[in-house]
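Peer 1: Would you be able to build a 3D model of this:
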Amino acid sequence: MTIIEMLQQTGVLAVLGMSVVFIILWIIIISVNFVKKILFSESIEKKAEKQEIKKPLVIKTPNPEIVAAISVAVSEHRKEI
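Peer 2: Alright, predicted model coming up:
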């Protein structure tokens, strides 16, 4: 076997190996995307339903006694500094 035949065989094996790896990676990417669509399609629908059911946000007014207590605590702390 001459050096040229060995280089040709090496080139063919390299291209064949890279092709196999590329095809396997392509199959993995397609299968992962397929599984993602199957698993997350149900959860997206459930989230959409939950968002429609949410109650409107209610803002509560703070208790004046608590506000006064916090104000006194802050002013006392500032006096110490």
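
Peer 1: Check which element follows the longest helix along the chain along the chain.
Peer 2: Ranked by number of residues, the top helix in the chain under DSSP state H is helix 3-53. Past helix 3-53, further along toward the C-terminus, the next helix or strand under DSSP states H and E is helix 64-80.

Peer 1: quick one: pLDDT of Ile29?
Peer 2: Listed pLDDT for Ile29 reads 97.

Peer 1: got it, and Ile24?
Peer 2: Model confidence at Ile24, given as pLDDT, is 98.

Peer 1: how near is it to Leu13?
Peer 2: Ile24 is 16 Å from Leu13, where distance means Cβ to Cβ, to the nearest Å. C-beta here means a position set from N, CA and C on the backbone, and glycine is covered the same way.

Peer 1: ok now the longest helix of the chain, how far from the chain's centre?
Peer 2: The chain centroid and the centroid of helix 3-53 are separated by 18 Å under Cα atoms, centre = their mean, to the nearest Å.

Peer 1: in stretch 5-25, what's buried?
Peer 2: Across stretch 5-25, burial judged by 16 or more other Cβ atoms under 10 Å covers no residue at all.

Peer 1: By mean pLDDT, which helix or strand of this structure comes out lowest?
Peer 2: helix 3-53 (a mean of 87; mean pLDDT, DSSP states H and E).

Peer 1: Only C-alpha atoms, please: export stretch 58-66 in CSV.
Peer 2: What follows is stretch 58-66, C-alpha atoms only, in CSV (Å, rounded to 0.1, in the frame of the first residue of the first chain):
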residue,chain,number,x,y,z
VAL,A,58,-55.5,45.0,45.7
ILE,A,59,-53.2,47.6,47.3
LYS,A,60,-53.8,47.8,51.1
THR,A,61,-53.2,51.1,52.9
PRO,A,62,-50.7,50.7,55.7
ASN,A,63,-51.9,50.8,59.3
PRO,A,64,-51.2,54.3,60.7
GLU,A,65,-50.0,52.9,64.1
ILE,A,66,-47.3,50.8,62.3
